[in-house]
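Q: My questions are about this predicted structure, shown below with the sequence.
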Amino acid sequence: MRAIIGTRMLGLLQGDITKVQADAIVNAANSRLMGGGGVDGAIHDAAGTSVMDECARIGSCPTGKAVATKAGRLRARWIFHAVGPEWDDGNQGEADVLGATYQACLTLADEKGCETIAFPAISTGTYAFPLGPAAEVALDTVARHLEKGVTSVKTAVFVLYDHRAFDTFARVLSRLATERQWPVGDWDTP
């Protein structure tokens, strides 16, 4: 599924983010940048040890921010290691921090001149951010960045691992597209 926002595309794919070709792939990292489970572990495994070495040199990344490394063996130029918030009760500013995390990646994309960027559903695994609210924040943040038009990003895609995440993001994207009058359609690959 994809929506057209002016001259830019915002899309959804179900699959493995490590297989996507993009200028930048976003990693749902921990603040120590030392790999972990889920998306983080899969990206580090697929990218190879050179990425872990770069992460070790960087040292850490605060919650709500992102840092860039080369992409190792991935089909990308960059990995943006983004540290999203852990879910508490929804009243501790989690949505604002999650939005800042996505925005940090978009800012890095502009700094690096990236035209394509692939995101996972940041914070929805181990950090327990509920999928519905996470999809709202993620899609709204990225869409607002694309709507401004002053960005190098031409295509942003969310690569969602399972049907549940894909369906949740698709419902939110469909609603946003209707509200903001974006054309929508099918989209196979970024």
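A: Perfect, thanks for sending it.

Q: The residue most central in space within the chain pairs with what?
A: For the chain, the residue nearest the mean C-alpha position is residue 119 (2.3 Å; C-alpha atoms, centre = their mean). Assessed by DSSP bridges, residue 119 has beta-bridge partners residue 158.

Q: so it sits right up against residue 153, yeah?
A: No. Between residue 119 and residue 153 there is no contact under C-beta atoms under 8 Å: 11.0 Å. To be clear about C-beta, it is placed using only N, CA and C from the backbone, and glycine gets the same treatment.

Q: which residue ranges form the helices in the protein?
A: Here the chain has its helices, by DSSP state H, at 38-47, 49-58, 94-112, 131-148, 163-180.

Q: Give the other helices and strands that the first one contacts.
A: Using 3 or more C-beta pairs under 8 Å, 6 or more residues apart in numbering; DSSP states H and E as the contact definition, the elements that helix 38-47 packs against are strand 24-28, helix 49-58.

Q: Determine how far it lies from the middle of the whole chain.
A: 14 Å (C-alpha atoms, centre = their mean, to the nearest Å).

Q: Out of the helices and strands packed on helix 38-47, flag the one nearest residue 17.
A: Closest approach to residue 17 among those is made by strand 24-28 (6.0 Å; C-beta to C-beta).

Q: The closest one: partners in the sheet, and parallel or antiparallel?
A: When DSSP bridges is applied, strand 24-28 pairs with strand 78-82 (parallel), strand 116-119 (parallel).

Q: Show the average pLDDT along the last one.
A: Spelled out, it's strand 116-119. On average, the pLDDT along strand 116-119 is 98.

Q: Same question for the longest one.
A: For strand 78-82, the mean per-residue pLDDT is 98.

Q: Please state the offset of that strand from the chain centre?
A: So, by C-alpha atoms, centre = their mean, the centroid of strand 78-82 is 9 Å from its chain's centroid.

Q: and if you look at stretch 97-106?
A: On C-alpha atoms, centre = their mean, the centre of stretch 97-106 falls 9 Å from that of its chain.

Q: go on, stretch 113-131?
A: 4 Å.

Q: Just the CA trace of it, in CSV.
A: Extracted C-alpha coordinates of stretch 113-131, given in CSV (Å, rounded to 0.1, in the frame of the first residue of the first chain):
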residue,chain,number,x,y,z
GLY,A,113,20.9,13.5,1.0
CYS,A,114,18.8,10.3,1.1
GLU,A,115,16.0,9.9,-1.3
THR,A,116,14.7,6.6,0.1
ILE,A,117,14.3,5.6,3.7
ALA,A,118,12.9,2.4,5.2
PHE,A,119,11.5,2.4,8.8
PRO,A,120,10.5,-0.4,11.1
ALA,A,121,7.7,0.1,13.7
ILE,A,122,10.0,1.7,16.3
SER,A,123,9.4,0.8,20.0
THR,A,124,6.6,-1.7,19.3
GLY,A,125,8.6,-4.8,20.2
THR,A,126,10.6,-5.1,23.4
TYR,A,127,9.7,-1.5,24.3
ALA,A,128,5.9,-2.4,24.3
PHE,A,129,4.6,0.7,22.6
PRO,A,130,1.0,-0.3,21.4
LEU,A,131,0.8,-0.7,17.7
